[in-house]
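Asks: sequence first, predicted model second:
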Amino acid sequence: VAVFSKLARSCGLTRDLTEARRVHSYIVDNVCLRTNRFLSNLLIEMYGKCGSPDAARTVFNDIQHPNCYSYTVMLSAYAQNGHIHEARATFDMMHQRDVIAWTAMLSSYSANRYLDQAKKLFDCMPQRNTVSWNAMLQAYTENGDLQSALELFDQMPEKSLISCNNVICKLGHSGHPHQARSFFDQIPERDVATWTALVMAYIENGLLDDALSVFDRMPHCDVVGWTTVLVAFAERGELNEARLIHQQMPARDVVAWNAMIQAYAQRGQLEEARLMFDRTPKHDVVSATVMIAAYAQDGRSLSDAKAIFDSMGRSSRNVVTWNALVQAYVEAGDLNAAKATFECIPRPDVVSWNAMIAAYAQNDDLETAEEFYMKIPERN
RNA sequence: UUCAACGACUGGUAUCU
């Protein structure tokens, strides 16, 4: 059980559906493991993270007596994959709902842009804890309601670091770096995420000097903080600085590598980008997508883009990867291939549709563009 | 360590407009 729970967890982290199915198949072969509710709950979570809520449901249905964990992971698996109604149905199936289930449902609404539903749920929750309040705060910030977020923050019975960090982050996104700073100065305690959020607030508002002076005063900096400034330099075109940071940071995770690949790709330095890609110890779906997008924008490296795509394995691709490949064909002027690729996308999103519409429109084929436009299932 | 182990909230990287 210990071994398989580790395996299931790692499949969830890497979002590797192929590996996930393998782990599942081993478990199914053994009666003891198959009937272990603890393991089943982990499998549901794993499949949810790997983008396969249907497989998660199969596991869920085989549990004789689902507990709160089972329902909550199932609900979250649906919500993480955009199936908010199924998530709600699962929530409604529960006999006794604890505060975690309520909060998970709240976050599900929020993540799927149902702010009103989130608020309604929050108002009628039988009990709330700090996490519930933070989830509601997050609902406001991630759905663009800064005013309500600030009001809610003031009403919070208990403000945690997470609440404060959330607000600083949102103030930065809303173009208020100085408010973010005064908020930062007022709160009783800060952690590395607080500092990074403030650095980011300055960066995203073009105040690199302020960002760096805050960065220099950070008591501790982790790989996230380092990557934040790395990207700031990269986006100003200061690749040498970015590279130095990348070399000198105390540890590099896959995000730091991806950021460096993207730094080169952004400036059209494909060879350098490729070098970084090859030196990256462990790729993830973003690493590959960055490279595909890099080759795509070049317009002459279609075969390289396709090679990366083909090397990925079906289940480690996501819709962003597919969209990047579609765009590679568009940039190369091969709309037929773009269309064929588009039709292979398991779950095309708004970006996929926009890419096709824009491609035809820019090639003066307004008729086909409109055909695509008419077929979009969900517009924004 | 085994009436333990699994579920909810915040900061960094990718695709179209």
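Replies: Thanks, I have it.
Asks: at which residues are the helices of the stretch 151-300 of chain A located?
Replies: Applying DSSP state H, counting those that start in this stretch to the stretch 151-300 of chain A gives helices spanning A:161-173, A:177-186, A:192-203, A:208-217, A:223-235, A:239-248, A:254-266, A:270-279, A:285-298.
Asks: which helices and strands does the second one pack with?
Replies: Spelled out, that is helix A:177-186. Under the contact criterion of 3 or more C-beta pairs under 8 Å, 6 or more residues apart in numbering; DSSP states H and E, helix A:177-186 touches helix A:161-173, helix A:192-203. C-beta here means a position set from N, CA and C on the backbone, and glycine is covered the same way.
Asks: tell me which residues in the host helix or strand of A:Arg21 are buried?
Replies: Here A:Arg21, judged by DSSP states H and E, is contained in helix A:17-28. Residues of helix A:17-28 classed as buried by neighbour count (16 or more other C-beta atoms under 10 Å): A:Leu17, A:Glu19, A:Ala20, A:Arg21, A:Val23, A:His24, A:Ile27.
Asks: residues touching the fourth one, list them.
Replies: It stands for A:Arg21. A:Arg21 is in contact with A:Ala55, counting by C-beta atoms under 8 Å, 6 or more residues apart in numbering.
Asks: pLDDT value on it, please?
Replies: For A:Arg21, the pLDDT comes out at 93.
Asks: separation between it and A:Asp216?
Replies: For A:Arg21, the distance to A:Asp216 (C-beta to C-beta, to the nearest Å) stands at 48 Å.
Asks: chain neighbours aside, what residue packs nearest to A:Arg236?
Replies: Using C-beta to C-beta, 6 or more residues apart in numbering and skipping the chain neighbours, the partner closest in space to A:Arg236 is A:Leu208 (7.0 Å).
Asks: A:Glu189 now?
Replies: A:Leu161 (6.6 Å).
Asks: got it, and A:Arg34?
Replies: A:Val28 (5.5 Å).
Asks: any idea how far that neighbour lies from RNA strand B?
Replies: Counting by C-beta to the nearest atom of the strand, to the nearest Å, the gap from A:Val28 to RNA strand B is 18 Å.
Asks: one more: A:Leu239?
Replies: 14 Å.
Asks: pLDDT value on that residue, please?
Replies: For A:Leu239, pLDDT reads 97.
Asks: one step back: got the helices of the stretch 151-300 of chain A as JSON lines, with mean neighbour count columns?
Replies: Below are those laid out as JSON lines (neighbours: other C-beta atoms under 10 Å):
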{"stretch": "helix A:161-173", "mean neighbour count": "22"}
{"stretch": "helix A:177-186", "mean neighbour count": "16"}
{"stretch": "helix A:192-203", "mean neighbour count": "23"}
{"stretch": "helix A:208-217", "mean neighbour count": "15"}
{"stretch": "helix A:223-235", "mean neighbour count": "20"}
{"stretch": "helix A:239-248", "mean neighbour count": "16"}
{"stretch": "helix A:254-266", "mean neighbour count": "22"}
{"stretch": "helix A:270-279", "mean neighbour count": "16"}
{"stretch": "helix A:285-298", "mean neighbour count": "23"}
